[in-house]
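# Sharing a model that was predicted from the sequence below.
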Amino acid sequence: MRRLPRGEIVAVPDVTLNNGATMPQLGFGVFQVADDEAERAVTAALETGYRSIDTARIYQNERGTGRALRGSGIAREDLFVTTKLWNDDQGYDSALRAFDASLERLGLDYVDLYLIHWPAAARNLYLDTWRAFEKLYADGRAKAIGVSNFTVEALTKVVDEGEVVPAVNQIELHPYLQQEELRALDARYGVHTEAWSPLGQGQGLLSDPALAPIAEAHGRTPAQVVLRWHLQLGNVVIPKSVTPSRIAENFDVFGFELTEPEIAAIAAMDSGTRLGPDPATFS
Ligand code: NAD
């Protein structure tokens, strides 16, 4: 619960994952944030009311993130912490070792969600890696396990050949890349879709003329409109900012509702434009 500047009391809604665990639908990401800055940004986010934090080994800020989490005074069970296994740690034994190292850097004894960062299909190790994830889940050290950047092919393989269905597929998803096919497949398998770069990394998307009239109609910013669009689609979102005013702005997305025509106008913005690498080939 959190009282925002405009007065309303906000509780971020939870989504229920396929193993019964709950996850806040709005969280905070720390990609491209140096370790010390991550500590400051995560502290600001927790003070704003965010409870879900998304980091990764490759971001090199698990230590700073962990310091902010542990220093916040917020009970561990009220936090939701995600980290990710990097591509060169794929494989059964190396994944188990990488998980221990991430936990050690975070200073935690479990994570709420552990993700395979990319399928890296050319290396052909993600099924072995998934078996290690299943062990971490069975041992209760990862309360939920999932994947990131998994394509139709890779996700289908894990669902068909694994014991545990991934709880989450975290994929690049914003108005310029709406991922209809993958979102439908995730839903069919009971995998929750989580959007990375939900704001399209800022600038270009947020100044798109299609968003301005919608923002104006609600007295909101384009960033708030885009986050609201994700929430109404059912996506989990993890916007990133290191600027306290934007951290607060991105959290203030619950006191309004986009109309059907507004949702349709945003649907029309899809151009299939990727900001990040193509998951089919990246390894
Ligand atoms: P994002 O879409 O969240 O955009 C962040 C950028 O947008 C900021 O750096 C800032 O420049 C701008 N911005 C933020 N709030 C704004 C506001 N209110 N008004 C105007 N501009 C604003 O991009 P992201 O950081 O790439 O993605 C979010 C999170 O997703 C990351 O921090 C990370 O946790 C995760 N992620 C995961 C993967 C993956 O492969 N799994 C890849 C990239 C990002």
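Received, thanks.
# Give me the packing partners of the strand or helix carrying I266, helices and strands only.
I266 is part of helix 260-267 when elements are defined by DSSP states H and E. Helices and strands touching helix 260-267, by 3 or more CB pairs under 8 Å, 6 or more residues apart in numbering; DSSP states H and E, are helix 212-218, helix 222-233. The way it works is simple: take the backbone N, C-alpha and C, and place the C-beta from them, glycine included.
# a markdown table for the ones you listed, including distance to F133, mean neighbour count and mean pLDDT?
Below are the helices and strands packed on helix 260-267 laid out as a markdown table (distance: least, CB to CB, whole Å; neighbours: other CB atoms under 10 Å; pLDDT from 0 to 100):
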| stretch | distance to F133 | mean neighbour count | mean pLDDT |
| --- | --- | --- | --- |
| helix 212-218 | 40 | 15 | 98 |
| helix 222-233 | 26 | 22 | 98 |
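# Looking at the ones you listed, spot the one closest to the ligand.
helix 222-233 (3.4 Å; CB to the nearest ligand atom).
# quick one: average pLDDT of the host helix or strand of D160?
Per DSSP H and E: D160 is located in helix 152-161. The average pLDDT within helix 152-161 is 98.
# same question, stretch 121-137
For stretch 121-137, the per-residue pLDDT averages 98.
# In this protein, which residue sits closest to the ligand?
Of all residues in the chain, G29 sits closest to the ligand, at 2.4 Å by CB to the nearest ligand atom.
# and that residue, backbone torsions?
phi -110, psi 150 (degrees, to the nearest 10).
# contacting residues for it?
I53, D54, T55, W196, I238, P239, K240 (CB atoms under 8 Å, 6 or more residues apart in numbering).
# in which helix or strand would I find the nearest residue to N149 once chain neighbours are set aside?
Excluding its sequence neighbours, the residue lying closest to N149 (CB to CB, 6 or more residues apart in numbering) is P279, at 3.9 Å. Using DSSP H and E, P279 sits within no helix or strand.
# Can you give me the pLDDT of P279?
Reported pLDDT for P279: 97.
# same check, this time on A68
98.
# For the closest residue to it other than its chain neighbours, identify the helix or strand it belongs to.
Leaving aside its chain neighbours, A68 sits nearest to V42 (3.6 Å; criterion: CB to CB, 6+ apart). Using DSSP H and E, V42 maps to helix 35-48.
# Show the subsequent helix or strand relative to that helix.
Downstream of helix 35-48, the next assigned helix or strand under DSSP H and E is strand 52-54.
# Check whether the helix or strand just after that following strand comes near the ligand.
The C-terminal neighbour of strand 52-54 among helices and strands, as given by DSSP H and E, is helix 62-71. No: applying CB under 6 Å from any ligand atom, one finds helix 62-71 out of contact with the ligand, separated by at least 10.2 Å.
# got the buried residues for helix 62-71?
For helix 62-71, a neighbour-count test (16 or more other CB atoms under 10 Å) marks E62, R63, G64, T65, G66, R67, A68, L69 as buried.
# which residues are contacting stretch 195-207?
By CB under 8 Å, 6+ apart, stretch 195-207 touches 29, 31, 148, 170-176, 211, 221-223, 226-227, 230, 235-239, 250, 275-276.
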